[in-house]
Every structure is written in C-alpha cells, then in structure tokens.
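S.K.: starting from these lines, generate the structure:
(2 chains)
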Amino acid sequence: MSTAIVNPDFATALQTYKPVLGFEVHVELSTKSKMFCGCPTDFGAAPNTHVCPTCVGLPGSLPVVNQAAVEATIKIGLALNCEIAAWCRFARKNYFYPDMPKDYQISQYDEPLCSNGYLDVDVVDESGEHHTVRVEIERVHMEEDTGKLLHTGGDTGRIQGADYSLVDYNRAGVPLIEIVTKTIEGTGELAPEVGKAYVTQLRELVRSLGVSDVRMEQGSLRCDANVSLMRQDATEWGTRTETKNVNSLRSVERAIRSEIIRQASVLDAGGTITQETRHFQETTGDTTSGREKSDAEDYRYFPEPDLIPIAADPEWVEQLRAGLPEAPGLRVARLQQEWELTDFEMASIVNSDALDLVVATVEAGADHTSARKWWLGELTRIANNDSVALDSLAITPAQVARVAALVDEGALNDKLARKVIEGVLAGEGEPDEVVASRGLAVVSDDGPLIAAIDDAIAANPDVVAKITGGKPAAAGVIVGSVMKATRGQADAGRVRELLFAKLGVTE
Amino acid sequence: MNASADSMHLTSRTATELAAAIAAGDVSARQVTDAHLARIDAVDEGIHAFLHVDYDGARAQADAVDAKRAAGDTLGPLAGVPVALKDVFTQQGIPTTAGSRILEGWRPPYDSTVVTRLRNADCVILGKTNMDEFAMGSSTEHSGYGPTRNPWDTDRIPGGSGGGSAAAVAAFEAPLAIGTDTGGSIRQPASVTGTVGVKPTYGGVSRYGLIALASSLDQAGPCARTVLDAAHLHAALAGHDPKDSTSLDVAVPDVVSAARRADVRGMKVGLVKQLSGEGYQAGVSQRFDEAIEILRELGAEPVEVSCPNFEYALAAYYLILPSEASSNLARFDGMRFGIRVGDDGDANVEEVMSRTRAAGFGDEVKRRIMLGTYALSSGYYDAYYGQAQKVRTLIARDFDAAFNEVDVLVSPTAPTTAFKLGEKLDDPLAMYLNDVATIPVNLAGNAAMSLPIGLAPEDGLPVGLQIMAPSMADDRLYNVGAALETALTDRWGHLLIEEAPAL
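M.R.: Model (predicted):
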C-alpha cells in the first residue's frame, strides 16, 4: 500500500465532508466467441475482420446467448457472494451512437443475473494497520461491448470537431460484465485507498476465476468511480459525479482523491455539484468535465424480445459454486504465512502481478526466495522495458525454476543465469539447451583459473602489493580481471580462494 | 396448344400438382419457372406485386432442379415450384428493402433461414414482393415503392402488409408465396384476395433474416391458393433454428397429413362472440354463417365461446408493436447500410442520422416510432408497455380457457372485403380496425389460418374465414381448413380464385 502524502486540501476537505463512493466496473470476458454471435473476441485483429450480420446489427440478424458468458458471470457472482437469479431477462438500452450497431445495447436492467453480494476488502492505512471494509455488491449483469471509434482530424480527439470518424466493430458484441457496488459510506480519509483496494482485489478475484484478462491498460477491466460528498452533519447524500478514463489501479486512488478535493472546493465556495460524467487526466491527476447527465438520458429499457429468459438450473449453479478456486484474499494470507513474508514483501508480489507466476515456479521446484527474486527482479525489469505484461513473457515458471536450480547447484552464477534467461526469451530453447549452445557453464576446473590468476597477478603488481600489505578488499580488481578473462564463466568465490591461497593471505 | 396457353396452363396449377408433374418429368422446372416469369411480365405492371424479379437467379435454380432430376436424385415435395418472397427477408445479393426507401439499394450479404429452407426444399425463388413499409399497414399503400393492386379489382387494396405476396398468388404470378404476420399481415391479405394464408405458432418458423417489425409478434408463414399447398410450404419452412433463440425446439406438427385428412367429425368449433356482429360487413357475416353451417353438416359441433379480453387486444397491440418497432428500427441510421442523406461535410453524425431517417421513412413508420418511443419513455412504461403486456397475458388466458372447451376457434378474418385504394389512408384508426380479428392470435402466439369462403353478395369480393388453433397445434388449422375447402369447392365446382376476373 502506498504511503499517502497528506494533501492539506484533502485533509481539510475530510474535516468538513464525508465522502460517499460507488463503483461500476466493466470486465470483458475472455470467452472464445462474442456475447450473441460466433465471432472471435481476440484483441488486436485488423479492423472489422471479426464481424458478422449479428454483431454489426444488419437488418434481420438475431442474437443468441453465449452459454460460456453466462457461466462466467455466474462464477463472478458466486465469488462475490451474490444471489443468482433463478430467472432473468436481457433488456434493450436504447440510444443512438455510431459505435452501437443496432442503436441499442443488449444489457440487463431490472433483472440482473447476480445481485446482493459483497467483497471484503483489506485496506492498510498509513500506519500499516489493516482494516477490513465490506464493499456491498448491488448487481452483476451481462451486456455487450460497443465498437471502437477512431476520430480523425480536428484537435479535440472526440467525435465533435473531428473531420471524420472510423468505426471498428471487432469489439462490438464482446461479452461485458458490469459489477455495480452499493454506495460505500464511512470510509473517511481512507476513501482513495478503499477505492484502489476494491478494484485491486476485485481484479485478483476475477483473474483467479480465469474468466478475463482483467488488463486495465487494454480496457478489459474498466472502472467508473462515483464520488459525492456530504457535510459531516448531513443525513442526505450529495450530488455525485461519475469519473471515467481511470485506466490503472493507481489512477483509481488519484481520481477519488482529486475529485474529493475538487468537490469540496466547489462546495466551500458556495457552489453546487453538477451531476455529470468526468474524465480522469493521467498527466495532471485532475478530473475534467465530460457529458452532463442532468438531462437524464432516457434509455427506454424494455425486455429484449429476441431472447428467451435465462433460467440457470440451481444444480448447475451449485456445481459452479463447488468448483470455485480459493478466494484470492485467503490465498494471499495463506501464502504469506507459509512463506513467512512481511506485508511489504507480499504486497510487492501481488502488485507486480507475479503471484501466480511465483506460486507456479515454487510448484516447479524452486524455493520462494529465488522464485520471487527472478520474477520481481530481472523478469519484471525486462517486462517493463518491453511494456508487456509479466505473464506474457516467453518464459514459463518451470523454466525459471530450472534456472534457479542451476544457480543453486553452482552450475551458473547470477550473471550467467541472466544470460540463460535472455536465451530462453529469445526462443533458443530450454535453459539447459541455452547453457550448452551458448557455453555458459561456470568454469569449475581450477587449471584455467590458476593460469588466469597468474596472468592477472603479473599484470597488477601494485594491487598485489596492496593485498599482501593488509588490504584484502583490493582483491576485487584481480577477481574482476579473471572474470573478464574467463568471459564471466568463473565462480568468483573460487577465484578469490585461489588468489588468497597463492598469495598466502588469509581473508 | 400454343405456347401462351401452355404457360397459362402451368401457372393455373397448384404447387402440389406442379411438383408432381416436375417429379414425373411431364414438365421441367425451367418450363414452370419460365411460365411464371412470363406471367409476371404480362400482368405485374397492373398489379405491382413484385419489387424485384430475379430472372437469372430463378432460372438458374430451376435448371439446378432439372439437373438433380436428370442425375436421378430424389426430389422433395416442392422441388422446382416457384415461390414469391416478401421483401422483408434477406436473400444474399438480392435487393431487400422491407418496402422502405431507407433500404433502397441494399443487398444483404446473407440468407435468411426462410431462404435457406426454400433452397433446401429446391424451391425456385422468383423475386421479392411488395409490402407496407416495414410491414406497417393493412393495405400495402404504405410501401415506399407504390401500392399493390387487388387482382379481383385493381381499384382496391390487396390487404397488407403482405399485399404483394397475396396478390402474386391471386394473380397466378406464383403458386406460393412467403408472408409475415405481425397482426394479420398474412391472413388479412389472404382474406381480401381469395387465397389461403397461415400464421404458424410463434417460434414455429425461424425469424433469422426476417427484418423485424415487432420481434415478439412477427411470424413467417405460407401463402397459397389451396390448403394442401400451404401445408407443403409450411412443412418446408418450419422447425427449430439455433440462430433464432425464440424458435421452438419441438417436433413440427404434421400439417400435410392433416390437410389430407380433412375430417372434422366430432370436433368442437368455437365461435368467438367478440369477433362478430357490429362492425362486420353484412356479406362477410352471411358467408361466415354459411361456412359454419357447412362445418356442422360435416360433423363438427359449433359452440359460442366468449373471450372477453379480446376487446383490449387492439389497444394492447398498438402499444407493444410500436414500442418494439421503435427499437428495432433504430439501426436504420445511414451509418452502415441503406441510404445516407445530408452528409454534406458540415453535418455531425446526429444530424446525418436524423436527416436520413426523416427522408427514408414514410409517415406511418414515423407515426409508430413516435408512439413507441413515447410508450417506452421513463415514467410512462408501466402505464403503457407494462399494462399492454398484462393484457397480453389475459388474452392468452382467454385462449387457454376457450381451447379447454373447443378444438379450434373461428371468426371472419377481416371485418370487410377489400376496400378502395386511398379510402382509409387518412384515417389510421379505421385502418387499424381492419386487424381487430387477427391481432389476438399474434398477442397470444398461437396459430391461425385464413381461407376463402365465398364472395360477399353486395360487392362480389372474397370473404375469408379465420381458424385459430392452440400453440403447436397448427395441424388442426389444416384439417379443418381442408375439410371446409373441399366442401366449398365441391359446391362451387372449382376454387374460388378461379372466379377472379381475367387480367
């Protein structure tokens, strides 16, 4: 958990007002096909290649519900302790927009598939104390994603002012799950941290179910944060704003904090809050005004007549419940205890999205210390350099475990191990194959080492004088020279031993 | 026999006869198709049943059937028989407009399931028939491409919305046609053109590729000149389709056997009290009463039944239909298909959408979109759409109660015979009242047929009788319809349609 820098405005705001939060999180499911047709859902295909009459809304086309999406939604609902509706329907949400092929979205309205759940969120305050905050879930429902608009020309980057706009309907119809919380009160100054912790832990939960990539940067998890303020002595909620474009976990925290400060300053100046959509700006950390919602768009919801109701068989629901994985919160707590890690160490793993990888590496035979070292160190560095997710690197936990084993056996040192990893990532094969083909094994025969040490001694008489004169630390120069001569393949410890033995010096 | 007399001979035969002749090699599918194309060329200028005739496609399909036969393949019961397709179904590469200017020039990239089934049955699709725009109307006068005329009297309407399909069959331009029935759009045109039309049980025929008017009411079905022909087409179209979630996954009733059985002995036939009397033309009531007498003579037992909630059917229908239509028609926005109006470089996307819809939709479509938009609005939903859905439940209960006592229900299909073109164009309510007897079935989702029972004495125009059966008991329609048809044609010595004036 980050250490909060106390912003005087924030602290002042919290003296006068109580923040009330709410979240709408959209999760794109990673089903093979779309919500209502057979088109693939893969991210990144050429525009308008994953389309058919149904997902571009051609006249006469009809939707058919994707059963895998229903199953994934029920799993999410169960994991969030929701009730699963015995019978529910889809509804049409009517509005005109060019990214919406039918000019209505098939969604769920007053009959969501899952409702009345909760997620117990673990929040750590600045003094390091843990708080459990129960975030109540109002509903989890299914809907279809829209297409993607690309606005060209003009300088607004938006549809107003653009010369023309292009639409890519590949995303249209991708299954989308909306998870809506009830209002969250009583979080006080922890509000930003509660928001971040909720989204983080919700993401872990959904990820553990294997139903979505939950990648905020790719938009497969999107968070809208609702914030309103009420005076400390007030009994009614204030007007809320809905902040979109919150594209990272850190942004959740920043957006809430900034919106609390902004609303407080408006209210302090005697103003009123406009009910509107706001956009979080990553660069400034502020929110800016978007679409006004005061003229309350009327979506004219009505039950979707092209689809029959969903009646999930209670037996099937119980089967899904029985098959749910261990809840991520419990799992983290269990592993932290097993591995005897501090909160900080455990949080580092989780925040690096490395928990599953570390666990898999440990299961492949490595100890957790080396597993953590490689995933959080070298591999995270490479992933960040290449701007890819850690789990999409071309190396498996089993391969990392093998590299760690080679180091433990003394066959590799850390420097060589990094080269082995580099080779594996470059597609040169298994770690042992990379060791063999690149000739990376540690030189364990003393003969070549002694020869190299002799050369180094001859070349560095002044250093030798220092070592024999009582400054063993100077040995680093000789060791370095030997390592260079052996192209890094020597065991530095052994070189040191041999050097001191030759010079008759004890460390 | 000269060539034109020969082709007239082919166009006057029933679908069942044509299929048998083609299968026996007495005539080729190509000859049958050419005869009907020639008939279209000869008479359609005065009727305007077709919006598009697919000469090349039809001939190619006919040739394929002949090739199949030459190769010794077994042919189905409708192989080589021409069919006219209401222009509300998608057919790959063929202009499809739903009778609206807003879709002018659109050629769908995919086949509707109805088209796929027609292809599987080796039927020959002649072309697309005229209709009220987006199937909104009872006269085909609301087509964006001009009205269709009634072959019995070209100053009169052929019914609607499927006036084109009914007129094509009545004018011997096609032995069979496909219609869609949302509130009577197959049955009322059948009634006023002296033909047979069936609205199958909702979910009986796939809606995939049917441009939706009101999703919960729309149902595709057959138009024909005889009950048996309609049964063959019904059998070819019906059955579960995984592409339509509302399609029923149950066995299709054996409608062909039922049409051959034609035996009503011991059946109870319910006369719906609410669908008679005031508002019904005298000649319509007279022919209806005579038909009931015939059913009695055939061994059926007519009894009067009451369906009190039918009184609210029209009101409920005109809330549900516009509500669903307002949403279904939203996609016609000029962005992806059809016409685009006013994209002058300055107009924003909303303005282009608005201009396209203003130019592309006709008055009746706009009227219903506005009604539906209003009915679904926040604060009105419960009072309008919500209440209408409750009425719908009550009407379904009326049917359930009635079918506990009787096997089928009957009524006149339409209150009047064909009215004159323009007569009700300025009076939407009078137009809507035409569907008062057909609408309850659409609201409840069960099955119904209209078949000709004679000409009204006062105007010499066809009168239709409606038979209504429970859901998935479509076979009862064909059994009762065929029995009545046989008795009437025995009496007349021919089908009623043969009394229509020469064109």
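
S.K.: could you look up the SS state of residue 22?
M.R.: All of this refers to chain A. With DSSP: H, G, I helix; E, B strand; the rest coil as the basis, residue A:22 sits in strand.

S.K.: that's the wrong chain, I wanted chain B
M.R.: Reduced to three states by three-state DSSP, residue B:22 is helix.

S.K.: residues touching it, list them.
M.R.: Contacts for residue B:22 (CB atoms under 8 Å, 6 or more residues apart in numbering or on different chains) come out as B:28-29, B:32, B:65, B:69, B:75, B:79-81. Placement of C-beta: from N, CA and C, glycine included.

S.K.: hmm, try it at 10 Å
M.R.: Residue B:22 sits next to B:28-32, B:62, B:65-66, B:69, B:75, B:78-81, B:122 when contact means CB atoms under 10 Å, 6 or more residues apart in numbering or on different chains.

S.K.: how many neighbouring residues does whatever residue of the stretch 401-507 of chain A ends up closest to chain B have?
M.R.: Ranking the residues of the stretch 401-507 of chain A by distance to chain B (CB to the nearest CB) places residue A:427 first, at 40.9 Å. Residue A:427 has 7 neighbours, counted by other CB atoms under 10 Å in any protein chain shown.

S.K.: that one in helix, strand or coil?
M.R.: Here residue A:427 takes the coil state, with states given by three-state DSSP.

S.K.: for it, give its distance to residue A:386.
M.R.: Plainly put, residue A:427 is 14 Å away from residue A:386 if you go by CB to CB, to the nearest Å.

S.K.: just to revisit the earlier point, run a quick neighbour tally on the closest residue in space to the residue of the stretch 401-507 of chain A closest to chain B that isn't next to it in sequence.
M.R.: What sits nearest to residue A:427 in space, not counting adjacent residues and going by CB to CB, 6 or more residues apart in numbering or on different chains, is residue A:394, at 6.7 Å. Residue A:394 has 10 neighbouring residues, counting by other CB under 10 Å.

S.K.: and what of residue B:24?
M.R.: 9.

S.K.: residue B:173 is in contact with residue B:225, correct?
M.R.: No - taking contacts as CB atoms under 10 Å, residue B:225 lies outside contact range of residue B:173: 11.5 Å.

S.K.: by mean pLDDT, point me to the weakest helix or strand of chain A.
M.R.: In chain A, no helix or strand scores lower on mean pLDDT, DSSP states H and E than strand A:287-292, which sits at a mean of 80.

S.K.: how about the residue nearest the centre of chain A, what does it touch?
M.R.: In chain A, the residue lying closest to the centroid (CA atoms, centre = their mean) is residue A:215, at 5.5 Å. The neighbours of residue A:215, taking CB under 10 Å, 6+ apart as the test, are A:28, A:43, A:203, A:207, A:221, A:353, A:389, A:392.

S.K.: quick check: the gap between residue A:138 and residue A:80.
M.R.: For residue A:138, the distance to residue A:80 equals 11 Å [CB to CB].

S.K.: actually residue B:323, not the one I wrote
M.R.: Taken as CB to CB, the span from residue B:323 to residue A:80 is 34 Å.
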